[in-house]
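Participant: Fold the stuff below for me.
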Amino acid sequence: MKFLFVACLFCMLNITSAGQSLDYVTSEADFREPVTAVDVSPDGNWILAGFENGTLSVLDAKSLTEIFSAEQVVSAAVFDIEMSPAMDVIFIAAGNRITLFDTTGTKINSWPHHKNTMWSMDINKQGTFMVSTEVNKTFQLTNVYEGRIEQAMRGHDDVTFAVAFSPDGTLIASGSNDRKVFLWDLESREVIATFQGISDNIYDVAFSPDGKSIAAASADNSVHIWDIGSGKLTALLKGHQEMVLEIEFSPDGKYLLSASADQAIKLWDLASGEQLYAYLENEASIPDIEFLPEGNQFVSACMDGKLRIRRIDPEIFVMKYYRESFMKEIDENPLFLPKQKGEKRSDFIDRQSAAVEARKELIGKYYKKYLDENKD
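Facilitator: Take a look at the predicted model:
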């Protein structure tokens, strides 16, 4: 979805993974074309992928095997992709059009509502309205059933890249190069709150699952999070080396993922505001990410042509909060000793197998401790 900037940065950046070798990848698909957008079907069974050459691919979410592919269904790079809540229509934003396809990849319709290149879109959970941005100061509110513009939403002073519906569908958030986030009331179509403090362009906005917080990703390499009720900034997440292109709250609202042009995906603990982990094994910018419904896995699009599903592994929490105690138990357990003088090779292999199981049990013990200490 963030192809305009990502395409240039793909050529410019060459960030190494700092020696990290374990990135919790559960499955991976490798394509010849840069993956520019991803979405997950509401039931979590399908991964929808859009590509720089306008191709649509639908994959099985467990194995990433291809269910079907429609080659170059649109004539421009896919900037965003959404599936309807009823899972009967796939919406693709490319060029200055939103094109509709059924779940076999057959074109249904095309909405030429935009004059300029599109950037992002979102559909409410009722499936009745869509919001979509282009490279200008407005965004469009579309009646999905009728396929017509309800209203051009004007208010920002600069290009408006980011837009999202609240979970209950009554509010809209928009983010702009004017460095402001507006909160709109859907019924009145008016701005009811403004959030400021970001020092550069805003590329993505997202509501927390409970609808009480709003987050914005920016070219200032940070993520700002505000409490909607009070208007106060509740978190400032800093750690990326380049612009943050995409953000996603976990389904339970406890964590946030941020994807950046620095080729990193970061996992943040929202209770503490701390970075839990950085997924670094990417060879290019990350234009899109999406949690799977269960919340313990997510899918990422990458400009290197790779689409990956990664897990939010319990080990991440253990090594963040209990590393010292965990490593002490490892050091004191003879199962983890290196091969001993006179030890038979078969005995050493058996001990290694036992050590693997012991490590899993130890991770499980400390992860349970983490969950117990962080109950709502």
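Participant: what's the following helix or strand after the helix or strand hosting residue 162?
Facilitator: Taking DSSP states H and E as the criterion, residue 162 maps to strand 160-165. The C-terminal neighbour of strand 160-165 among helices and strands, as given by DSSP H and E, is strand 171-176.
Participant: next SSE after that next one?
Facilitator: Next along from strand 171-176, by DSSP H and E: strand 181-185.
Participant: residues in contact with that next one?
Facilitator: Contact with strand 181-185 is made by 153, 155-156, 170-176, 190-196, 198, 202, 205, 214, 216, 226, 228, as judged by CB atoms under 8 Å, 6 or more residues apart in numbering. Any C-beta I mention is one placed from the backbone N, CA and C, and that applies to glycine too.
Participant: Any of those buried? List them.
Facilitator: Buried members of the contacts of strand 181-185, counted by 16 or more other CB atoms under 10 Å: 153, 155-156, 171-176, 191, 193, 195, 198, 202, 205, 214, 216, 226, 228.
Participant: What pairs with the strand holding residue 162, parallel or antiparallel?
Facilitator: strand 171-176 (antiparallel) (DSSP bridges).
Participant: Please give the three-state secondary structure assignment for the most centrally placed residue in the chain.
Facilitator: Centroid-nearest residue in the chain, with CA atoms, centre = their mean: residue 289, separated by 2.6 Å. Under the three-state scheme (DSSP: H, G, I helix; E, B strand; the rest coil), residue 289 adopts strand.
Participant: Show the contacting residues for it.
Facilitator: 38, 246, 248, 257, 259, 265, 298-301 are the contacts of residue 289 under CB under 8 Å, 6+ apart.
Participant: Among those residues, which lie within strands?
Facilitator: If you go by DSSP state E, those have 38, 246, 248, 257, 259, 265, 298-301 in strands.
Participant: so for stretch 357-375, what's the average pLDDT?
Facilitator: The average pLDDT within stretch 357-375 is 94.
Participant: Would you mark the buried spots in it?
Facilitator: In stretch 357-375, counting by 16+ other CB under 10 Å, buried: 358-359, 362-363, 366-367.
Participant: next one: stretch 147-166
Facilitator: Applying 16+ other CB under 10 Å to stretch 147-166 flags 150, 153, 155-156, 159-166 as buried.
Participant: pLDDT and distance to residue 273 added to the residues you listed, as JSON lines?
Facilitator: Shown next, in JSON lines, are these (pLDDT from 0 to 100; distance: CB to CB, whole Å):
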{"residue": "150", "pLDDT": "94", "distance to residue 273": "38"}
{"residue": "153", "pLDDT": "95", "distance to residue 273": "31"}
{"residue": "155", "pLDDT": "94", "distance to residue 273": "30"}
{"residue": "156", "pLDDT": "95", "distance to residue 273": "28"}
{"residue": "159", "pLDDT": "94", "distance to residue 273": "29"}
{"residue": "160", "pLDDT": "94", "distance to residue 273": "28"}
{"residue": "161", "pLDDT": "93", "distance to residue 273": "25"}
{"residue": "162", "pLDDT": "96", "distance to residue 273": "22"}
{"residue": "163", "pLDDT": "97", "distance to residue 273": "25"}
{"residue": "164", "pLDDT": "98", "distance to residue 273": "22"}
{"residue": "165", "pLDDT": "98", "distance to residue 273": "26"}
{"residue": "166", "pLDDT": "98", "distance to residue 273": "23"}
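Participant: Which helix in the chain has the most residues?
Facilitator: Ranked by residue count, the top helix of the chain under DSSP state H comes out as helix 345-373.
Participant: Which other helices and strands does that helix contact?
Facilitator: Helices and strands touching helix 345-373, by 3 or more CB pairs under 8 Å, 6 or more residues apart in numbering; DSSP states H and E, are helix 314-321, helix 323-332.
Participant: No further questions, thank you.
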